[in-house]
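Peer 1: Dropping a prediction and its sequence here:
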Amino acid sequence: MYSYIKGILTKRTDDIIVIENNDIGYEIKCPFSVSAGFGHEGEKVTVWLYQSVKEDDISLYGFSSPEQKDMFLLLIDNVKGVGPKVAQSICAQIEPDRLALAVMSGDVQALTGVKGLGKKGAERIVLELKDKLKTVSSASAKDTTVTSGIATDAVDALTVLGYKQADAAAAVNAAYEDGMDLQDLIRKALRSLAR
């Protein structure tokens, strides 16, 4: 299994990039909305990877950050009917913190704008990830020292993204400031976790 690749961006199309590493060109499925952030052809880049192995296909899927890859894994591992293609489309069109907020608040509408995702699919994502969130949160609630409602919601959102409860709580505690809204707190905590 691959985690990431560092190499030269040698080709970019609407849905494929090629990264050259040690004289080997790796073809990676990556929407332009994601690959546009990597820089120009000829530059060295880091691409986070997921390797999909099926009976008739082996493919690499590319992401711009570990958080984006974590969100992809959360979707394909926990939401019935969401495969790599749809999950990558979701990742390309919605930020991890926005997905977590939509799941926590039951905001199906926030997900229906994603190309390739209908209302039923969006409802399934909210339902199945919310169940996972409740399971993770209740199983390890004793690990958190967060007490305010907004901070607790931020920790729950980070656990939806796949972070351990203790790590999420530590990041939220470090990021929390009076007067912050939920989205700002999640973003600041995500930056801390990405270091």
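Peer 2: It's in. Numbering: from 1, shown residues only.

Peer 1: can I see the domain layout of this structure?
Peer 2: Domains of the chain are assigned by automatic domain parsing as 4-63, 66-131, 138-194.

Peer 1: In TSV: those domains, plus mean neighbour count.
Peer 2: C-beta here means a position set from N, CA and C on the backbone, and glycine is covered the same way. Putting those into TSV (neighbours: other CB atoms under 10 Å) gives the following:
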stretch	mean neighbour count
domain 4-63	15
domain 66-131	18
domain 138-194	18
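
Peer 1: got the ones you listed as a markdown table, with mean pLDDT columns?
Peer 2: As requested, these are exported to a markdown table (pLDDT from 0 to 100):
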| stretch | mean pLDDT |
| --- | --- |
| domain 4-63 | 95 |
| domain 66-131 | 85 |
| domain 138-194 | 75 |
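
Peer 1: Longest strand in this structure, by number of residues?
Peer 2: In terms of residue count, the longest strand belonging to the chain (DSSP state E) is strand 44-54.

Peer 1: got the contact list for the most centrally placed residue in the chain?
Peer 2: By CA atoms, centre = their mean, the chain has its centre lying nearest to residue 71, at 2.5 Å. Neighbour list for residue 71: 90-91, 96, 99, 161-162 [criterion: CB atoms under 8 Å, 6 or more residues apart in numbering].

Peer 1: how far away is it from residue 27?
Peer 2: 23 Å (CB to CB, to the nearest Å).

Peer 1: if we can go back for a sec, from the contacts of residue 71, which is closest to residue 172?
Peer 2: residue 161 (12.4 Å; CB to CB).

Peer 1: Quick check on the closest one: phi, psi?
Peer 2: phi -80, psi 0 (degrees, to the nearest 10).

Peer 1: shouldn't it be in contact with residue 96?
Peer 2: Yes - using CB atoms under 8 Å, residue 161 is in contact with residue 96, at 5.3 Å.

Peer 1: shared neighbours, the two?
Peer 2: With CB under 8 Å, 6+ apart as the test, residue 161 and residue 96 both reach 67, 70-71, 190.

Peer 1: With distance to residue 2 added, can I get those residues in JSON lines?
Peer 2: Formatted as JSON lines, the shared contacts of residue 161 and residue 96 follow (distance: CB to CB, whole Å):
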{"residue": "67", "distance to residue 2": "17"}
{"residue": "70", "distance to residue 2": "15"}
{"residue": "71", "distance to residue 2": "18"}
{"residue": "190", "distance to residue 2": "23"}
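
Peer 1: Take these and keep only those in helices.
Peer 2: 67, 70-71, 190 (DSSP state H).

Peer 1: do you know how far residue 116 is from residue 93?
Peer 2: 9 Å.

Peer 1: let me fix that: residue 82
Peer 2: From residue 82 over to residue 93 (counting by CB to CB), the distance is 14 Å.

Peer 1: Show me the strands in this structure, by range?
Peer 2: Using DSSP E, strands in the chain cover 4-12, 16-21, 24-29, 44-54, 57-63.

Peer 1: partners of the fourth one in the sheet?
Peer 2: When you say that, I think you mean strand 44-54. strand 4-12 (antiparallel), strand 57-63 (antiparallel) (DSSP bridges).
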